[in-house]
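> The following block contains a protein sequence and its predicted model.
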Amino acid sequence: MATVLVVDDRAAHREIARATLDSGGHHVLEAAEGRQALSLAKSSHPDVVLTDVLMPGIDGYQLVRELREDPDTAAIPVLFFSANYREDEARPLAAACGVSRILSKEASPQELLSAIAHALNGQAATVAPGGTGFEVQHAETVNAKLVEKVQALDESEARFLAMAEAAPTGIVIADADGLASYVNPRLSEITQTAAAELLGRGWQHCLSHDQRQALQAGFRCLPPSLLGQRRCERLPLRGGQTRWLTILIRPVRNSELAVTGYVAMIDDVTAVEEANERRRCAERERQDEERRQVAARLDSLTRMAGGVAHDFNNLLNIVMSFGQFVREAVEDTAGAQLTQAQAQAILSDVDQIHRASQRAAHLTHQLLTFGGRDTVERAVLDVNVLIGEVLGMISGTIGEHVAITSRLDPHLRHVLASSSQIGQVLLNLAVNARDAMPDGGSLHFETANTCGEPAGQAADLPGRDWVRISVTDTGHGMPPATVQQAMEPFFTTKPLGQGAGLGLATSYGIIKQAGGELIIDSLPGRGATIHLYLPASYQPVDTSGQVASASASASASAGQTILVAEDEDGLRDVITRMLTGAGYHVLAASNGQEALAMAGRHDDVIHALLTDVVMPAMNGGDVARQLRQARPGACVLYMSGYAAPVMTEQGLLDPGVAIVNKPFTRDELLNTLEATLSRQPPREKL
């Protein structure tokens with residue numbers, strides 16, 4: 001192991017050399033300049049000196065010269081380790097100084113270790129005879145290298161200046177105290193300030209107050225938050241303008257890693273920041289609009305809940321009161337024969353209960369229609385024919401003070417919808433138009449074919465062929481705020497007690513469920529036009545007519561077995577009484593699992609399953625699927641007040657699905673069941 005003295009003014013170069021020599025097993029001494037190296041050489045007597053050539057103070061040539069002049073160090077082998085001198089440049093003077101070898105700092109570790117080994121095993125260093133020739137040659141060599149370096153520096157500065165002058169961002173060159181010695185033209189453009197005013201501390205007005213405070217406290221110890229990270233700052237300009245800047249400050253370090261200055265990059269991002277602000281404003285407006293819509297929906301739900309509660313409370317009051325009257329009348333006549341008057345009074349009270357129940361059923365039907373969850377059986381319709389039928393119905397009831405006209409396209413396409421529901425929509429619109437014209441006016445019906453996207457509020461519907469139905473009145477019209485709320489349940493502009501506020505809401509639900517759109521076009525004093533858009537159909541209208549309902553006679557159904565699944569105890573008892581009274585054999589279950597268990601224990605034929613749609617644990621659809629696996633011939637009839645689980649996403653029943661809507665009468669249940677049974681003959685249990 002040899003002791004090697006490494007001499008170099010750059011710490012990084014010394015560190016690289018040390019790492020290589022350490023790996024070769026050598027002991028390393030370090031000197032940052034020539035005088036320190038001479039002192040170490042005299043005190044430590046290294047085996048080899050590895051020195052840079054171009055150094056401040058005394059350079060490598062002078063260091064070797066003085067080592068050779070001292071008898072104690074004259075024989076130490078010296079190697080030049082240079083990044084600035086080529087070997088052909090340094091060789092003449094190096095040979096005169098007794099340098100063993102010249103190495104490039106780009107040499108590999110193996111080359112360096114090999115050169116050290118060769119120097120340790122070589123002959124003692126020899127020095128050429130002294131004289132003034134060395135000084136002259138030394139001066140010429142150093143001067144040539146300095147001229148070369150100055151030229152390279154000039155070229156580098158020219159390249160930097162060209163780059164800085166053309167840079168799209170502002171550039172600041174500052175010393176260790178943050179005083180700018182150079183700013184490029186772009187910074188003057190960004191700040192609208194002359195370059196002379198930006199020199200020194202002038203450029204610092206681009207920084208925030210906190211940043212300037214930190215800089216004034218000491219640029220040499222800037223916090224990390226100001227160095228190496230882009231920061232966005234707001235810069236007020238003369239004339240009231242504002243610029244947004246991103247600022248990046250990076251330190252410049254010397255060979256000892258000490259900070260000697262700073263470079264700041266300042267970019268104008270005003271356009272980006274303004275675009276971001278517009279985006280943020282748009283997002284805030286969107287969120288505000290969403291909150292307004294949520295509030296409007298909550299207000300609509302509150303109004304709907306209040307309307308439902310009001311109407312149902314009235315109906316329940318009627319049912320409870322007349323039920324109490326019937327009870328009291330029966331109790332008063334218990335054990336005695338009813339007189340004709342007493343019987344008539346009881347029957348009258350029962351009729352009141354029945355009428356209230358029918359009104360409640362109609363109300364729930366309207367709510368389901370508005371929500372698009374009423375069961376619908378579509379058919380191909382000729383809208384012109386349907387309008388003709390509606391006109392015949394309303395001509396005698398709408399009032400002589402309203403003139404009814406129509407213009408119907410003779411080539412109108414067909415639609416696929418429910419005839420009764422579309423008729424209900426047209427009747428609702430006619431009644432609303434009549435109420436909007438208390439002093440008389442005109443009511444006009446018009447049909448037309450349209451292509452592409454409907455205009456106005458329906459612009460989000462896909463482009464296709466449509467059938468448009470327009471109903472126009474010359475009434476008082478509606479302001480925009482009323483138009484926005486007109487289709488909400490229980491919203492009405494009519495006096496209290498003259499309208500439930502479900503007409504347009506129900507119409508909207510019917511049209512949406514049919515795949516269309518309802519649009520209101522109205523302004524105060526200009527009347528109103530309601531446009532109905534329905535998808536066109538090219539199928540022919542079915543003119544065969546509907547098959548008459550089968551009679552529910554006891555002779556046709558005697559002995560047939562019906563499996564009933566209904567979780568409501570009272571309703572299950574009602575259904576059982578209706579079916580047994582008509583001659584059916586009934587297996588009644590309180591839920592789906594119980595129904596399947598009863599079917600498994602029953603050895604005879606089960607002709608039909610009559611099941612509720614919505615039940616706990618297992619809905620009617622699941623019960624039907626599992627039953628049909630064991631009894632493929634069993635018919636299925638669903639019953640429900642809310643049939644969503646057996647409906648498609650469009651609110652339609654799948655082909656072959658039969659349903660009876662709750663609440664139903666005995667005739668409705670028996671007729672629907674008989675029609676279902678007639679479609680498919682039952683088979684024995686598998």
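Alright, I've got the coordinates.
> Output the lowest mean pLDDT helix or strand found in this structure.
helix 554-557 (a mean of 48; mean pLDDT, DSSP states H and E).
> what element comes up after it heading to the C-terminus?
Using DSSP states H and E, the helix or strand that follows helix 554-557 towards the C-terminus is strand 561-565.
> Verify the stated contact: residue 471 with residue 527.
No. Applying CB atoms under 8 Å as the test, residue 471 and residue 527 come out as separate, 10.8 Å apart. All C-beta atoms are positioned from the backbone trio N, CA, C, and that covers glycine.
> Spatially nearest residue to residue 380, not counting backbone neighbours?
residue 539 (4.7 Å; CB to CB, 6 or more residues apart in numbering).
> what ranges do the helices span in the stretch 201-350 of the chain?
With helices called from DSSP state H, counting those that start in this stretch, the stretch 201-350 of the chain shows them at 209-217, 270-332, 340-370.
> count of residues packed around residue 271?
9 (other CB atoms under 10 Å).
> Distance of the residue sitting nearest the centre point of the chain relative to residue 277?
By CA atoms, centre = their mean, the chain has its centre lying nearest to residue 283, at 12.4 Å. Here residue 283 is placed at a distance of 11 Å from residue 277 (CB to CB, to the nearest Å).
> can you count the residues close to residue 662?
Residue 662, neighbours per other CB under 10 Å, totals 17.
> Looks like it contacts residue 639 (just checking).
Yes. Counting by CB under 8 Å, residue 662 touches residue 639, with 6.0 Å between them.
> Please list all residues in contact with the residue nearest to residue 380.
If a contact means CB atoms under 8 Å, 6 or more residues apart in numbering, then residue 539 has 380, 414, 416 as its contacts.
> Which one (most neighbours) among the residues you listed?
Most surrounded of the contacts of residue 539: other CB under 10 Å gives residue 414, at 19 neighbours.
> Residue 587 sits in which helix or strand?
Here residue 587 is assigned to strand 585-589, by DSSP H and E.
> gap between that strand and the chain center?
52 Å (CA atoms, centre = their mean, to the nearest Å).
> List the neighbouring strands of that strand plus their orientation.
Take DSSP bridges as the rule and strand 585-589 pairs in its sheet with strand 561-565 (parallel).
> Might you list the low-confidence residue ranges for the stretch 351-500 of the chain?
Applying pLDDT under 70 to the stretch 351-500 of the chain flags the ranges 363, 365-377, 396, 452-463, 489-500.
> how about the strands of it, start to end?
Using DSSP state E, counting those that start in this stretch, the strands of the stretch 351-500 of the chain run over 379-381, 402-407, 414-417, 441-452, 464-473.
> Can you measure across stretch 198-207, start residue to end residue?
12 Å (CA to CA, to the nearest Å).
> in that stretch, what counts as buried?
For stretch 198-207, burial by neighbour count (16 or more other CB atoms under 10 Å) applies to 198, 199, 202, 203, 204, 206, 207.
> Which elements pack onto the helix or strand hosting residue 574?
Residue 574 is part of helix 569-581 when elements are defined by DSSP H and E. Packing partners of helix 569-581 (3 or more CB pairs under 8 Å, 6 or more residues apart in numbering; DSSP states H and E): strand 561-565, strand 585-589, helix 666-679.
> Now do the second one against helix 569-581, angle only.
Here strand 585-589 runs at an angle of 170 degrees relative to helix 569-581 (axes from the mean of the first three to the mean of the last three CA atoms, to 10 degrees).
> Just give me how far the next helix or strand after strand 585-589 sits from the chain centre.
Counting by DSSP H and E, the element after strand 585-589 in chain order, helix or strand, is helix 592-601. Counting by CA atoms, centre = their mean, helix 592-601 is centred 47 Å from the centre of its parent chain.
> Show me the contact partners of helix 592-601.
So helix 592-601 is contacted by 563-565, 587, 589, 606, 609, 611, 615, 617-620, 622-623, 626-627, 630-631 (CB under 8 Å, 6+ apart).
> Average pLDDT for the next helix or strand along the chain from it, rounded please.
Using DSSP H and E, the helix or strand that follows helix 592-601 in sequence is strand 608-612. Strand 608-612 comes out with an average pLDDT of 92.
> Give me the sheet partners of strand 608-612 and which way each runs.
For strand 608-612, pairing defined by DSSP bridges yields strand 561-565 (parallel), strand 635-640 (parallel).
> ok now the first one, how far from the chain's centre?
So the one you mean is strand 561-565. 49 Å.
> Buried residues, that strand. List them.
Within strand 561-565, the residues scored as buried using 16+ other CB under 10 Å are 561, 562, 563, 564, 565.
> That one vs helix 666-679, what angle?
120 degrees.
> Report the angle between strand 561-565 and helix 592-601.
Using the same axes, to 10 degrees: strand 561-565 against helix 592-601 is 160 degrees.
> quick revisit: how about the strands of the stretch 351-500 of the chain in CSV, adding distance to residue 431?
Shown next, in CSV, are the strands of the stretch 351-500 of the chain (distance: least, CB to CB, whole Å):
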stretch, distance to residue 431
strand 379-381, 21
strand 402-407, 11
strand 414-417, 20
strand 441-452, 10
strand 464-473, 11
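> out of the buried residues of stretch 198-207, what pair is the most spread apart?
The largest separation in the buried residues of stretch 198-207, counting by CB to CB, is between 199 and 207 at 15.4 Å.
> before we move on, back to that, of the contacts of helix 592-601, keep whichever come out buried.
Taking 16+ other CB under 10 Å as the criterion, what is buried in these is 563-565, 587, 589, 606, 609, 611, 615, 618-620, 622-623, 626-627, 631.
> Identify the residue spatially nearest to residue 503, adjacent ones excluded.
residue 428 (4.2 Å).
> swap in residue 54?
Nearest residue to residue 54 in three dimensions, chain neighbours excluded: residue 84, at 4.6 Å (CB to CB, 6+ apart).
> SS state for the one you found?
coil (DSSP: H, G, I helix; E, B strand; the rest coil).
> Go ahead and confirm it touches residue 53.
Yes. Using CB under 8 Å, residue 84 and residue 53 qualify as a contacting pair, with a distance of 6.5 Å.
> Neighbour count: the two, which is higher?
The neighbour comparison of residue 84 against residue 53 (other CB under 10 Å) goes to residue 53, with 25 against 15.
> per-residue confidence at the more buried one?
83.
> In space, what's closest to it - neighbours in sequence excluded?
residue 60 (3.8 Å).
> Neighbours of that neighbour, how many?
29.
> What of the one 10 residues further on?
Other residues within reach of residue 70 by the criterion other CB under 10 Å amount to 12.
> Equivalent analysis for the one 4 residues further on, please.
The burial count assigned to residue 74 is 14, neighbours taken as other CB under 10 Å.
> Kindly provide the distance from the spatially closest residue to residue 640 that is not a sequence neighbour to residue 388.
Closest residue to residue 640 apart from its sequence neighbours, by CB to CB, 6+ apart: residue 613 at 3.6 Å. Separation of residue 613 from residue 388 (CB to CB): 37 Å.
> Check the secondary structure at residue 6 for me.
What three-state DSSP gives for residue 6 is strand.
> does it have beta-bridge partners, and which?
Judged by DSSP bridges, the bridge partners of residue 6 are residue 30, residue 50.
> ok, it - contacts?
By CB under 8 Å, 6+ apart, the contact list for residue 6 reads 14, 17, 18, 21, 28, 29, 30, 31, 50, 51, 81.
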